[in-house]
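Peer 1: just need the structure, nothing else, for what follows:
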Amino acid sequence: MRIAVLGGGNGSFAAAGDLALQGHEVRLWRRDSNIVDAHRDAGSRIVVKDAKGRREVRLALATTDIAGAVRGTEMILCPAPAFAQQDIAARLAPHLSDGQVVFLPPATFGSVIFAKAAHDAGNHATVAFAETGTLPWLARKHGPLEVAIAVRAKRLPVGVFPLTDADHALGVIGRAFPGVVEPCGDALSGALMNAGPIIHPPLIVMNAGPIEHFERWDIHKEGTQASIRRVTDALDAERIAVREGLGYGAPHFPLAHHYAREGEEWMYGRDSHGRLTDSGDWRERIVLAEHRYMREDLRLGLSFLVSVAGLAGVSTPLARSFLALGGAICGEDFMRSGRTLQSLGLGGLDRSSLQQLLREGFRR
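Peer 2: Numbering: from 1, shown residues only. Predicted coordinates for the structure are as follows:
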């Protein structure tokens with residue numbers, strides 16, 4: 001299968017390397033021409049490190065030309081942070097063509113951002129947009145050409161926009177991730193599976209002291225204490241209540257299963273937390289007010305959850321509290337600068353109108 005991967009971070013390198021190892025034709029697009037030139041000079045290769053050892057794979061293309069990267073591809077995979085989506089979506093919009101699937105793992109409702117960008121650009125190609133609850137890999141780059149993959153996802157609940165294109169989208173994504181994809185309905189259901197806004201805000205806020213004190217801190221090891229876990233579970237209960245309030249059924253993939261050694265498998269399978277911390281790759285320098293957990297998962301993810309909770313008639317006191325605390329740390333009003341139905345241009349829709357949009361997409 002021809003696949004374009006957009007971005008140059010941990011998730012994008014894991015995607016490009018892992019999918020190329022599976023035999024797919026992978027093209028990698030990045031914005032920085034100097035970095036891309038250096039990558040091409042090194043043979044457009046990526047080194048993947050995992051439980052099987054160290055393997056080198058060559059990409060079909062590394063480029064700054066997004067049109068060339070996506071031309072003729074069946075799937076476009078964009079694991080970039082949510083705060084980069086508006087820019088990437090605008091660059092991609094004119095170049096989408098009939099039958100393509102844009103997959104965002106995860107996205108905080110970014111599937112609708114990409115779809116609206118195409119619509120606003122006057123591109124009326126039949127394209128499906130999809131998002132899931134987590135990256136398909138727990139991964140960290142170990143250098144400009146090397147990525148270490150600690151864990152691969154075992155279950156990926158995927159929501160599709162528009163829902164009428166779900167069968168096609170799930171079929172294409174399933175070819176890249178065989179035996180892993182699970183349909184969870186529309187794009188909003190997929191967005192409300194996003195684990196990042198649940199697991200990361202308690203970690204980044206409740207560990208603020210040691211994060212600022214220590215040069216390096218493993219937020220998932222020393223930072224995941226029993227009291228923080230209890231708060232995480234309570235925050236996750238708010239997410240699940242919002243899903244239920246909007247009529248979405250189980251499975252809700254409760255985050256408690258991420259830590260469990262038995263019972264129902266979570267997205268990364270059983271005991272994935274142990275494998276993550278054993279890798280040592282998350283012992284890192286964290287700049288509190290700039291880290292992705294703060295700027296993406298808390299600011300964008302929780303503001304979106306609170307916004308949607310209002311439509312569902314569900315109270316989210318913990319989500320609101322973390323928004324207030326994170327905003328105070330950063331000197332910013334996160335509900336104002338975050339991602340809400342209003343900021344996405346959907347604030348005027350009632351529940352029925354939003355459901356129709358999710359089902360049918362933007363009218364041509």
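Peer 1: the bottom helix or strand of this protein by mean pLDDT?
Peer 2: Here the helix or strand of the chain ranked lowest by mean pLDDT, DSSP states H and E is helix 272-279, holding a mean of 69.
Peer 1: need the next SSE after it, C-terminal direction.
Peer 2: strand 283-284 (DSSP states H and E).
Peer 1: list the helices and strands that next one packs on?
Peer 2: The criterion is 3 or more C-beta pairs under 8 Å, 6 or more residues apart in numbering; DSSP states H and E, and the helices and strands that strand 283-284 contacts are strand 217-218. To be clear about C-beta, it is placed using only N, CA and C from the backbone, and glycine gets the same treatment.
Peer 1: okay, the residue nearest to Asp65 when sequence neighbours are not counted: pLDDT?
Peer 2: Nearest residue to Asp65, sequence neighbours excluded (C-beta to C-beta, 6 or more residues apart in numbering): Trp29, at 7.5 Å. As predicted, Trp29 sits at a pLDDT of 98.
Peer 1: partners of Trp29 in the sheet?
Peer 2: Leu6, Thr63 (DSSP bridges).
Peer 1: Gly53 now?
Peer 2: Using DSSP bridges, the bridge partners assigned to Gly53 are Asp50.
Peer 1: and Pro79, how far from Glu290?
Peer 2: 19 Å (C-beta to C-beta, to the nearest Å).
Peer 1: to clarify, my last question referred to Gly249.
Peer 2: From Gly249 across to Glu290, the span is 38 Å (C-beta to C-beta).
Peer 1: also Lys154?
Peer 2: Distance from Lys154 to Glu290, by C-beta to C-beta: 32 Å.
Peer 1: out of these two, which sits in the busier spot?
Peer 2: A side-by-side neighbour count of Lys154 and Glu290, using other C-beta atoms under 10 Å, places Lys154 first with 15 against 9.
Peer 1: quick check, the more buried one in a strand?
Peer 2: No: counting by DSSP: H, G, I helix; E, B strand; the rest coil, Lys154 is not found in a strand; it is coil.
Peer 1: so Arg140: helix, strand or coil?
Peer 2: Following three-state DSSP, we place Arg140 in the strand state.
Peer 1: list the contacts for the spatially most central residue of the chain?
Peer 2: By C-alpha atoms, centre = their mean, the chain has its centre lying nearest to Pro106, at 1.9 Å. Remark: with contacts taken as C-beta atoms under 8 Å, 6 or more residues apart in numbering, Pro106 is in contact with 131-135, 191, 193-196.
Peer 1: burial count for Thr340?
Peer 2: Using other C-beta under 10 Å: Thr340 sits among 19 other residues.
Peer 1: list the residues that contact it.
Peer 2: Taking C-beta under 8 Å, 6+ apart as the test, what Thr340 contacts is 303-304, 306-307, 347.
Peer 1: from the residues you listed, which land in strands?
Peer 2: Among the contacts of Thr340, no residue falls in strands (DSSP state E).
Peer 1: please confirm that His119 is located within a helix.
Peer 2: Yes: assigned with three-state DSSP, His119 falls within a helix.
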